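*Asks:* what would the 3D arrangement of this be:
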Amino acid sequence: MAKQHLTWTLQELRLLDTVRNPCWLSRPCVEDPLSTLLWANKVAIDRFGQIRPRSEQGEHLANADAEFIADRQRRITLSEQEVLGRGNSLHFVLNIKKALFITFDNVRDDEGFASIYTRPIWIRHDSGKEERLMLSQLEESMPADKARAVAMQHHGPNGAMLFDSNGVLLQANDRAARELRESGLPDAGVLLEDVLSGDSNGAPNTSRASEALDALFLRNQPSHRLTITSCGASGSRSHTLYAMFPAEDPVTREAALLLTSADVTPEKELELELNAVKEKLQRQNELLQHSNEALEAEKEAISQETAKLKAQQSMLQKRLQQALQMHLQPRTSVNTESPADKTLRLLDSLLQGNIPSIAQIVALQNDICCAGDLREPLNLREQLVHSSGLSSEVGHAIAEMLQGTNNTAATRLATIRGRQRHAEVIVAEDLLHLPELSGKGGARGAGMPAYHLTATTSGNMQHALRPHMLHAVIPRVERLLQVAESSWSFDSLELQEASGNMPLSSLGFYLIQRQGLIKDLNLVEDKLPEYLRAIEEGYNNTNPYHNRAHATAVLHMTHMLISHPGGLRDLGVVDNVTLLACYIAAISHDFGHPGLNNDFLIKTHNDLALTYNDISPLEMFHSAASAKVLRTHRFMENLPTQSKLAMRSTTIELILATDMKKHFNVLSQFQSTFKAPSRKSMSAIHTAPGLGTAEPAASEQRVVSTMSSAPPEHKLLALQCALKLADVGHLSTTQAVHKKWTSRLEAEFFAQGDEERKRNMTISPLMDRHNKTGVSKSQVGFFEIVALPLYKAYCECFPGAQPALEAVKANYAMWHADLQPHPGQPSSHPPCN
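*Replies:* Numbers count the residues shown, from 1 in each chain. Now for the predicted structure:
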C-alpha cells in the first residue's frame, strides 16, 4: 500500500503570507533553468520584488559570470535529484544577492548571506493533478563569517545534533540527518538513547543516554565522550566517537546538549593493533631482560676467558718467535755481498777509526780484480750449485735466473747502460708481434701456433676494441677495485673472473682516475680506456703466469708501495707525471710476454735476442712494443713535451730493472745509497787526534722520512726497487693466492721444458715435468737468497711497506715447514724473463 502524503492547493499556500520568513515555490529543471520559480509569499515579494518574467531572467542569466552559472546549475541539479527525485530536504547557505537576482527584480546589493531550507511539498493543481514541487524558506539572514560557520557546520565531515535536556532531538546538520536516515530512525521524535545505541538492531541504550545527561546537567562536566562499536550484517565492525557538550537552544534559550559524531574506525583498529603489539613487546621485553642478565653473566665469563687467552697468546707468540729463531735459520750458505758492498763496508770501518788488516785489504783487492761487475756477488754460480742447503738443480736454476747461462752479458751491462735507454728504437716493424717461432731460430715447435700481440699498434693491424668506459662497473667489480685501492691483500684472479677478463684495464683506469691524474694532467679520458684495453689484449691469455692477471697484481702492489699512506708518494719521491709513469710501467712491464724466458730466446738465437744483443731481450721488447701502443692511443697528447720525455725515460728505466739478471746490481745500489749518513768528512778525520780515537758510528740502513729534495737518480732507484717488489708481489699475498700463482709459474716452466725437450735441448732446471723438483718444491731458496733480502732492505728504509714483509715471512714459514729433512730443497719462483 502506497504511503499517504499531505497535499496542498495553491490557494492553501497563501497561508504562508502570514509567516515572517520569505518562502517560494519552484520546480527545478536542469533542462530549463529559467522557469523554476512558480510562486512567492508576500514577505518574499515585499523584500526581493516581483518575480521576473522569463525574458528578463534570460537576459540577466546571459550577463552572469561563468562561475555563478556553474554554481546555479549545480544547485538546480542537486535539487531536482534530491528533493523532487528522492523526496529529501536540502540546506544551503547562500549569498542572497547572487542566489535570487535572476528570479526577483528588486534584490538589494546590501543583502548578506542566509540559511535556506528546501523541502519537498505535494501540490494539487486546479486540474486535479498532483505534483511534487520544492518549497524553499529563508530561515535567517547572517553576516559572511556566520554564513561560513553555518556552512561548515552543515557540510562538515562530522555529524552534529542538538538535543533538549530530556534527550529529545531538536536539530541535526546534513551529515547527522543522513546518518539518522541510514540508521532507519524516524524523521521526528528521535531520542538521545536511540542515537547512542550500539547494537546491530538499533535497540535503545538508556544507560548511555542517562549517563551523558547526568554528566552534563547534574555534575556540570565540560564534556562527555564515549566510543561505541557496532557490528554490521557482514560481521564488519565500525567505531564511532560521540562527543557531547552543554549548550543552549537559541530558540527557547533553554539548556540543551550538543552532540558531535565522527567515524574513528581506522584509528580504533590501529589503537587495538598497537595495544596488541604493545602487550607483545612487553612480553618480549621481559624475555630480553632475562636474556640480557644471562648475557651479562656470560659476557663477564667470556671477558675473564679472553684475558686468559690473551696471556696465553702473548706467551705463545714469544715461544713462536723463539722457535722461528731456532728452526727458521737459512738453509743456504751463499754470500751475496758484492765487491762494491765489501769496499763500502771497509771504508765505513775506516771512517769509524778502525784500521783494516793487510789481509783484509789484499782479500778485497783480489775480489775487485776477479769481479766482472763490482755490484754482482763473487762466484755466485759456484756458491749456489755447491750450497749445502740447495740441490744442484735448484742451485743451477737460481744461477740461471740471476746470471743467465754465462755471465758475459751481465758483465757487458756495466759498460753499455747508456745504450739501453735507446735500444727500443731499433725494433723493426716485423717485431710488433713475436714472430712465428718455428725451426731453429724460433721458440716453439712444429704444430705449435705462434703468439701474436693482438693489441699492437701497427698501422696494418686492427684490433676489435670499442671505446669502453671502465668506470661503469658492476657492484662486485667495484668492491674488488676498492679493495685493490686500499688493501695489501688482493686477488687479481678474482677480479679477472668478475670483470669478464678485463682486470688490467679496469684496475688501471680506476687507479688513474681515483688518484686524480686524468684531471691534474689533462689526460684524454676517451682515449685512456682504449690504450688500457690495447695493452691488456697484448698479454697472452694462454700463459699460465705471465698474463694480464699478473700485470694487474703488479699494478696493485706498485700502487700500494707508492700511493698507500706512508708510501713513496707521501715521502716526495713521485709527482703526478712520475706516478703515471709508474702505473704505465707496471701495466706494460710484461707486455707481449711469450711464456718463455730470456735464456731460451738467447739459446735459440731468437730475433729478439739478436736485435738486443742478448741483453734483456724481453724487457727491451716489453718497453719498445708497449711504447708503440702509447704512440697510437695518444691519451697524453695534452702533456708538455718535457713531461712526456720524463715519463718515457722513467718508464723505460723501471721496466728494464725488472730483469732478474740485474737483481744484485739494483739491490746493491739501493743498499749503498740508503745507508745512514754517518760517514765523517775527510776534514773531520784530519783534525781528529788520531784514527784510533775517531767517534765510532754504525753504518746501517736508515728510515727515510722524506725524499722531496733527493737527487733524481735516488728517487729512480727507490722506484726501481718498488717495482721489483711488485713483480714478485704474490709472495706477500695470502697463502692461498700465493700458492695459486706458484702453481701457475710451475705450469709455465714445465711448458718451456716441454718445448726444450721437443728441440732436443738440455732442459732448464726446474722445468722438467718428469722430474719431481719443480718451482713448488723450490721456494725456500728463492725466499732466502732473493725475496727476503729484497723486502727487508726496502722496508728498513720505507717502513710503510712492513705489512708486505710480514706476509712474505708468513709464506716463507709455510714453505719452510713443508721441507723434508734431507737436502735438495726449493729455490725460487721469480718471474721467468
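*Asks:* every contact and neighbour count from this point should use C-alpha atoms.
*Replies:* Will do.
*Asks:* what's the neighbour count on F782?
*Replies:* Number of residues near F782 (other Cα atoms under 10 Å) recorded here: 22.
*Asks:* what residues of the helix or strand that it is a member of count as buried?
*Replies:* F782 belongs to helix 779-782 when elements are defined using DSSP states H and E. Judged by neighbour count using 16 or more other Cα atoms under 10 Å, the buried positions of helix 779-782 are 779-782.
*Asks:* pull the contacting residues for the closest residue to Q221 other than its chain neighbours.
*Replies:* Residue nearest to Q221 in three dimensions, not counting chain neighbours: A215, with 5.6 Å by Cα to Cα, 6 or more residues apart in numbering. Counting by Cα atoms under 8 Å, 6 or more residues apart in numbering, A215 makes contact with 221, 223-224.
*Asks:* what's the distance between the nearest residue to F490 once chain neighbours are set aside and A255?
*Replies:* The shortest distance from F490 to any residue other than its chain neighbours is 5.8 Å, reached at A484 (Cα to Cα, 6+ apart). Going from A484 to A255 by Cα to Cα, to the nearest Å gives 85 Å.
*Asks:* for A793, same thing?
*Replies:* Here A793 is placed at a distance of 104 Å from A255 (Cα to Cα).
*Asks:* also A646?
*Replies:* 103 Å.
*Asks:* looking at those two, which has the bigger crowd around it?
*Replies:* For A646 versus A255, neighbours defined as other Cα under 10 Å are more numerous around A255 (16 against 13).
*Asks:* so that one touches N220, yeah?
*Replies:* No: judged on Cα atoms under 8 Å, A255 makes no contact with N220 at a distance of 11.8 Å.
*Asks:* so L213 makes contact with V168?
*Replies:* No: using Cα under 8 Å, L213 is not in contact with V168; the gap is 11.3 Å.
*Asks:* these two - which one has more neighbours?
*Replies:* L213 (24 against 18).
*Asks:* and the contacts of A215, which of them are buried?
*Replies:* Looks like the contacts of A215 have H224 buried, using 16+ other Cα under 10 Å.
*Asks:* export the contacts of A215 to a markdown table and tack on secondary structure?
*Replies:* Shown next, in a markdown table, are these (DSSP: H, G, I helix; E, B strand; the rest coil):
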| residue | secondary structure |
| --- | --- |
| Q221 | coil |
| S223 | coil |
| H224 | strand |
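*Asks:* from H5, how far off is R14?
*Replies:* Using Cα to Cα, R14 is found at 20 Å from H5.
*Asks:* what ranges does the stretch 151-300 of the chain have for its helices?
*Replies:* Assigned by DSSP state H, counting those that start in this stretch, the stretch 151-300 of the chain shows helices spanning 174-182, 192-195, 206-213, 265-327.
*Asks:* quick check: chain neighbours aside, which residue is closest to G58?
*Replies:* Using Cα to Cα, 6+ apart, the closest residue to G58 is L34 (6.6 Å).
*Asks:* need the pLDDT of that neighbour.
*Replies:* We have a pLDDT of 72 for L34.
*Asks:* mind listing what A585 touches?
*Replies:* A585 neighbours (Cα under 8 Å, 6+ apart): 651-652, 654-655.
*Asks:* recalculate using a threshold of 6 Å.
*Replies:* Listed by Cα atoms under 6 Å, 6 or more residues apart in numbering, the contact partners of A585 are 651, 655.
*Asks:* tell me the secondary structure at it.
*Replies:* The assignment at A585 comes out as helix when based on three-state DSSP.
*Asks:* pLDDT score for it?
*Replies:* pLDDT, read off for A585, is 97.
*Asks:* use 495 as the first number from now on
*Replies:* Okay, using 495 as the starting number, the last item reads as A1079.
*Asks:* angle of the helix or strand harbouring L588 against helix 668-676?
*Replies:* Per DSSP H and E, L588 falls inside strand 584-589. Following axes from the mean of the first three to the mean of the last three Cα atoms, to 10 degrees, one obtains 170 degrees for the angle between strand 584-589 and helix 668-676.
*Asks:* quick one: distance of strand 584-589 to the chain centre.
*Replies:* 62 Å (Cα atoms, centre = their mean, to the nearest Å).
*Asks:* what is that strand packed up against?
*Replies:* If you count contacts as 3 or more Cα pairs under 6 Å, 6 or more residues apart in numbering; DSSP states H and E, strand 584-589 packs onto strand 607-618.
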